[in-house]
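Participant: model this:
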Amino acid sequence: MPLLQASLADIFLVPAEGMSDFVQEGDPHFLPKCPLILTGIFPEVLQPEPDAGNGHSLLKDSQGIKGQKILGVWTTLEKDRHLGQTLPEFVRQTRQSLPHLVFRNGGEISQCHFVFQVVTPPRNRYQKLMPDDNPINPLREGLASRAMPEPCAVIIFGATGDLTHRKLVPALYNLAADGALPPAVSVVGFARRDKNDEIFREELHEAAKKFSRQKLNEELWEGFASSIFYHRSAFDALDGYESLARRLDELDTQRGTRGNRLFYLSAGPDQFPIILENLRKSGLNKARDGSWVRVIVEKPFGTDLPSAQLLNTLVVESFAEKDTFRIDHYLGKETAQNIMVLRFANAIFEQLWNAKYIDHVQITASEPLGVEGRAGYYDKSGALRDMVQNHLLQLLCLTAMEPPAGLDADAIRDEKVKVLKSLRPLTGETVKKHVVRAQYGAGTLDGKRIVAYRDEENIGPESVTETFVALEVHLDNWRWAGVPFFIRVGKRLPKGGTEIALHFKGAPPVLFNANNENIDDNALVIRIQPDEGISLRMSAKMPGSSLRIEPVKMDFHYGTSFGKATPEAYERLLLDAMGGDATLFARRDEVEEAWKFVDAIRAAWKTDDSDLAMYSGGTWGPTEADLLLKRHGTTWRRL
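Facilitator: Down below sits the predicted model:
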């Protein structure tokens, strides 16, 4: 699809002596040197050709112009001017207010009478300007697009680690390929290993080919890779941060990153205090006038309440709360973001979203994998701290929260904190009654023998770390009084997936239910991963002469409904952090309230570890977990 789809009507240029000029400066929405080009030229293919001599960019009509040619097929516009709005919005406003467009061409002020329609937003320099054969999905027509973030430098501490290669750089590449990033965005890897820019780029190239959501386009990658740089330094070497500051200043000049910085702490949690302190000592945490500096902190954010409070104090000494982004990638998943839309944009659901109609709620996160090289971290953490404290309690908050006063970050996070504060504490003997912890033993999964957790590499033979935990929790508030929330997470389970299932109360024992027929209750299931979507289970009569009732599903799948692949969670979260939107990030009090709840459970476990159950790898966990639900007359839902 061409950038501009035009209808030739009355297109010509005339001198307009004395007419004012539209002023423009480096808008990243179009081309790096020439962001706004509006003329009577509307080719099928636009080819940018830089003119290094005068700093202008040229657009050539490679197909020629039907009808009268206007001032030839080459048009030069001055760079470094600013309209402060995207091309489609500019055209819309211009057409509403003026019958023509005024611009400067080669020092001569001219006006262009035109009739055309913008059908796609301008693409950035990473995209190949070529026809798009994909038909427009009518379900996506009219969907709003987000504002382009400002140019910035993304500095990744621990850039040689697994997260950078598997998630962060593939996410940034996909954003660039989709036209969601301004071309000036630069990526700087900060790590201790001896590398240079070229070696670092080649390693990331191989990783992107393997882990990118979309197939790697070598031409696009070449443009994206030119924005990647490597900075070698130890985390505790202050001079490394000072030299980083100088290099970032150079990038501001060379690439136009405008002094905006996004620091990503992808190193080990024990390195966070060191990095934060050196950012403060080197002055890198301070923003210049008209710029911003932000920090993203990876999980785990502390190992208990005291360590989380200490880390929060260290962060506050370097960055304001509004500039601190505590990341939880579950909140970046498309279905997790859709929970609020499902509830508050559909009156049919919100009216039923309470104790009057809902019997219980199940939140499950299952993994077929074992520790997979994370033994050192996982054996100190366990399933409760690794998954429940952050991911699953966040899903609980989104499911149980009240409607926020607005859609701003703090309004939403205020309601999530209220949910955490309403959690009924689990302490002492109540932990044994409402919490089941277990560890996987040897078993069979997908036809292959798997070893027990204690036989995994770098795991001690006497380890009592839980690889499975199931909880029954209650919220002491008006909406959810009496409704149990069952949370389950485990490793070496038969199938991987994360979902939230709201089970509604059964039909009265009359009519079809009069003879205690085994009719399944209605259930609304929100699939977080891997098959993102929503399904509603209901009962229906099977075709035939006899009355036979069977459960059926109404299914919504993101991929098929919207005609596009679901973006990776890190794509959305990185984009939000660049834009300063903290809605999908945890606030300080959120983190601390979650740790209060989890620490009480762990304190009870420390006094007595005799309740550690065992389950065979490849099964759905210990029988003790089934008893949690059996007491309420129900069972775990199978994924």
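Participant: Would you mind finding the longest helix in this structure?
Facilitator: When the chain is parsed with DSSP state H, its longest helix is helix 588-607.
Participant: Buried residues of that helix, list them for me.
Facilitator: 588-601, 604-605 (16 or more other C-beta atoms under 10 Å). The way it works is simple: take the backbone N, C-alpha and C, and place the C-beta from them, glycine included.
Participant: Give the next helix or strand downstream of it.
Facilitator: strand 613-616 (DSSP states H and E).
Participant: Check which element follows that next one along the chain.
Facilitator: helix 623-630.
Participant: and that following helix, what other elements does it pack with?
Facilitator: For helix 623-630, the elements it packs on are strand 435-441, strand 468-473, strand 485-490, judged by 3 or more C-beta pairs under 8 Å, 6 or more residues apart in numbering; DSSP states H and E.
Participant: now for the first one, which elements pack on it?
Facilitator: Meaning strand 435-441. Using 3+ C-beta pairs under 8 Å, 6+ apart, strand 435-441 sits against strand 468-473, strand 613-616, helix 623-630.
Participant: And the contacts of that strand?
Facilitator: Contacts with strand 435-441, where a contact means C-beta atoms under 8 Å, 6 or more residues apart in numbering, come from 370, 383-384, 426, 452-454, 463-472, 490-492, 601, 605, 611-617, 621-622, 624-625, 628.
Participant: Which of the helices or strands spans residue 263?
Facilitator: Counting by DSSP H and E, residue 263 is part of strand 261-265.
Participant: need the contact list for residue 370.
Facilitator: 440, 450, 453, 456, 491-492, 617.
Participant: now it, what's its secondary structure?
Facilitator: What DSSP: H, G, I helix; E, B strand; the rest coil gives for residue 370 is coil.
Participant: Could you pull up phi and psi at it?
Facilitator: Residue 370 adopts backbone torsions of phi -90, psi -140, taken as degrees, to the nearest 10.
Participant: distance of it from residue 383?
Facilitator: Residue 370 sits at a distance of 12 Å from residue 383 (criterion: C-beta to C-beta, to the nearest Å).
Participant: What's the first helix or strand after the one helix or strand residue 273 maps to?
Facilitator: Per DSSP H and E, residue 273 falls inside helix 272-281. Note on helix 272-281: by DSSP H and E, the next helix or strand toward the C-terminus is strand 293-297.
Participant: Who are the packing partners of that following strand?
Facilitator: Using 3+ C-beta pairs under 8 Å, 6+ apart, strand 293-297 sits against strand 261-265, helix 272-281, helix 305-318, strand 324-326, helix 569-579.
Participant: Out of these, flag the one nearest residue 162.
Facilitator: With respect to residue 162, and counting by C-beta to C-beta, the nearest of the helices and strands packed on strand 293-297 is helix 569-579 at 13.0 Å.
Participant: Averaged pLDDT, that closest one. What do you get?
Facilitator: Here helix 569-579 scores 91 as its mean pLDDT.
Participant: got it, and stretch 443-462?
Facilitator: Computed over stretch 443-462, the average pLDDT equals 91.
Participant: Give me the distance between it and the centre of its chain.
Facilitator: 32 Å (C-alpha atoms, centre = their mean, to the nearest Å).
Participant: just the helices in the stretch 101-250 of the chain please.
Facilitator: For the stretch 101-250 of the chain, applying DSSP state H, counting those that start in this stretch gives helices covering 162-163, 169-177, 197-211, 218-225, 238-255.
Participant: By mean pLDDT, flag the weakest helix or strand of the chain.
Facilitator: None of the helices or strands of the chain scores lower by mean pLDDT, DSSP states H and E than strand 74-77, at a mean of 28.
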